[in-house]
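Q: no sequence on this one, just coordinates:
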């Protein structure tokens, strides 16, 4: 239960901390799928309301939020009468539609990223994803996540070095070799 | 190429990025704030309150403080109260400056008055025009109180001071919080101020300001000159045109701005203030009309006494100046007294006063 004070404000800061850490990532993900800003905002609100109500039972916020947003996005498409859309196609298109002949490398990179996200903390994963995937700068990420600039940069490079380590394990000595 | 850029290039090459524009990221930031307020407000309403709290929450987080949303709410509430106080205070200040405080009845209560006392002679400040004042009436802030030839008035200002306005006097009183200021335009006021006076008590004449913290004293303004007599306590007299400040102690008298040092009170001046002091310190506020007449009489006598120069005897002159000369002029005229200055003009102190004689008219000056 979220304890509320006399002003009606939740006493616990954990919801806001999680919200700060994941909102921009969730929004960016939703927006990249549906390309409608207002709908993306509504979907994010719905996702975080559900998160707020279940917060005490959730162990991995990032995973939970991703799962939830898939459902909410699916509901959104149903409501918009795009019921024929395949949710797997929408979210797991890693093996589809790739045209330049490097499908295996692409899938390897995606898997490595997923592995790192699995092993490292949720928040570092979110931070890395925002910078690497959604093209946020360090300063923008720091602002969105309520972090310091140096802290943001350090955590990103930490994740990036883990990624290069994983690539080495796969026989790729330098990341430039992938270019 | 930097490591970050290299990694990005790789992700771009393998189509693993979904870049957002600068504008989209800004919109997301705004949506983030909006949505959080909506979620927290929920069905209970109070979204504005939540938004206000969150603004403070983020501000405090930005300052490196470890806060919760509730702390933000409390900070927001405190800031709102502070803002309210500052805005209200500023508004009151501006209104007060723009529209000066009007008279509030009962600020200066008249304990006793008699005769043809007139207030607001020509310069009515309370808007009620010229009217007679009697015991039980009140004088407005800034209202000019005047007394006639045979009248006087005793004013009680709060519980801490009593003011007697003697005959042929005019004064305006202003009382604001701890400040009681009397502008004496003509005549004489006697002031009895409890010691210590909790605030500023000041009598201002056209050329002087007399400030006190607790005393019995008189201020008179006659023939363009201010005189101050202190019966008890001490006052500061500032001669406004020159800025000269005099510290006047108990039992002393000064004529402000005349460049003279203070002197002791004369008998009549002392009698006047003693009479006033004993009357106002009676405590019950009841004053016999005869007392006011008596004060008027004593004041006139004090003025006469002040105007009357006491003549010195030849012995007084001898003892003061150390010797007596017999000064003979070519014209045959003789003066007996002390030579007090020499030069082109010689001044001689005689029993009839100071005589100035051109030095080349003097035939001889023979010491006795």
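A: Cool, the structure landed. Please read these numbers as outputs of a predicted model, since none were measured by experiment.
Q: of all of chain B, which residue lies closest to chain A?
A: Residue nearest to chain A within chain B (C-beta to the nearest C-beta): residue B:19, separated by 3.6 Å. Quick note: C-beta positions are derived from backbone N, CA and C, even for glycine.
Q: next one: phi and psi at that residue?
A: phi -60, psi 140 (degrees, to the nearest 10).
Q: residue contacts, it?
A: Applying C-beta atoms under 8 Å, 6 or more residues apart in numbering or on different chains, we find residue B:19 in contact with A:134, A:135.
Q: repeat that for 10 Å
A: Taking C-beta atoms under 10 Å, 6 or more residues apart in numbering or on different chains, we find residue B:19 in contact with A:28, A:32, A:133, A:134, A:135, A:136, B:8, B:11, B:12, B:25.
Q: pLDDT-wise, which helix or strand of chain A ranks last?
A: When the helices and strands of chain A are scored by mean pLDDT, DSSP states H and E, helix A:87-91 comes last with a mean of 62.
Q: following that helix, which helix or strand comes up?
A: Later in the chain than helix A:87-91, the nearest helix or strand by DSSP states H and E is helix A:103-119.
Q: what are the buried residues along that following helix?
A: Residues of helix A:103-119 classed as buried: A:106, A:108, A:109, A:110, A:112, A:113, A:116, A:117 (neighbour count, 16 or more other C-beta atoms under 10 Å in any protein chain shown).
Q: what residue is smack in the middle of chain A?
A: residue A:25 (4.6 Å; C-alpha atoms, centre = their mean).
Q: buried set for the strand ranked longest in chain B?
A: In chain B, ranked by residue count with DSSP state E as the criterion, the top strand is strand B:179-193. Of the residues in strand B:179-193, B:180-193 count as buried by neighbour count, 16+ other C-beta under 10 Å.
Q: point out where chain B drops to low pLDDT.
A: B:1-4, B:42-47, B:66-70, B:97-129, B:134, B:195-197, B:213-214, B:258-261, B:281-288, B:306-311 (pLDDT under 70).
Q: what of chain A?
A: A:1-13, A:81-102.
Q: that one: helices as residue ranges?
A: Applying DSSP state H to chain A gives helices spanning A:14-34, A:37-54, A:61-79, A:87-91, A:103-119, A:122-132, A:138-145, A:149-169.
Q: please see if the fifth one touches chain B.
A: In this case it means helix A:103-119. Yes: applying C-beta under 10 Å from any C-beta of the partner chain, one finds helix A:103-119 in contact with chain B at A:103, A:105, A:106, A:107, A:108, A:109, A:110, A:113.
Q: just to revisit the earlier point, now tabulate the helices of chain A in JSON lines and tack on distance to residue B:87.
A: Formatted as JSON lines, the helices of chain A follow (distance: least, C-beta to C-beta, whole Å):
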{"stretch": "helix A:14-34", "distance to residue B:87": "30"}
{"stretch": "helix A:37-54", "distance to residue B:87": "34"}
{"stretch": "helix A:61-79", "distance to residue B:87": "42"}
{"stretch": "helix A:87-91", "distance to residue B:87": "52"}
{"stretch": "helix A:103-119", "distance to residue B:87": "51"}
{"stretch": "helix A:122-132", "distance to residue B:87": "41"}
{"stretch": "helix A:138-145", "distance to residue B:87": "31"}
{"stretch": "helix A:149-169", "distance to residue B:87": "37"}
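Q: wait, which of those is closest to residue B:51?
A: Nearest to residue B:51, of all the helices of chain A, is helix A:14-34, at 13.3 Å by C-beta to C-beta.
Q: could I get the buried residue list for the closest one?
A: A:15-34.
Q: those residues also near chain B: which ones?
A: Answer for the buried residues of helix A:14-34 near chain B (C-beta under 10 Å from any C-beta): A:15-17, A:19-20, A:23-29, A:31-33.
Q: ok, the residue in chain A positioned nearest to chain B - how many residues close by?
A: Closest residue of chain A to chain B, C-beta to the nearest C-beta: residue A:135 (3.6 Å). Number of residues near residue A:135 (other C-beta atoms under 10 Å in any protein chain shown) recorded here: 20.
Q: show me the contacts for the residue lying closest to residue A:164 once chain neighbours are set aside.
A: Spatial nearest neighbour of residue A:164, excluding adjacent residues (C-beta to C-beta, 6 or more residues apart in numbering or on different chains): residue A:175 at 5.5 Å. For residue A:175, the contact set (C-beta under 10 Å, 6+ apart) comprises A:160, A:163, A:164, A:167, A:168, B:1, B:3, B:6, B:7, B:9, B:10.
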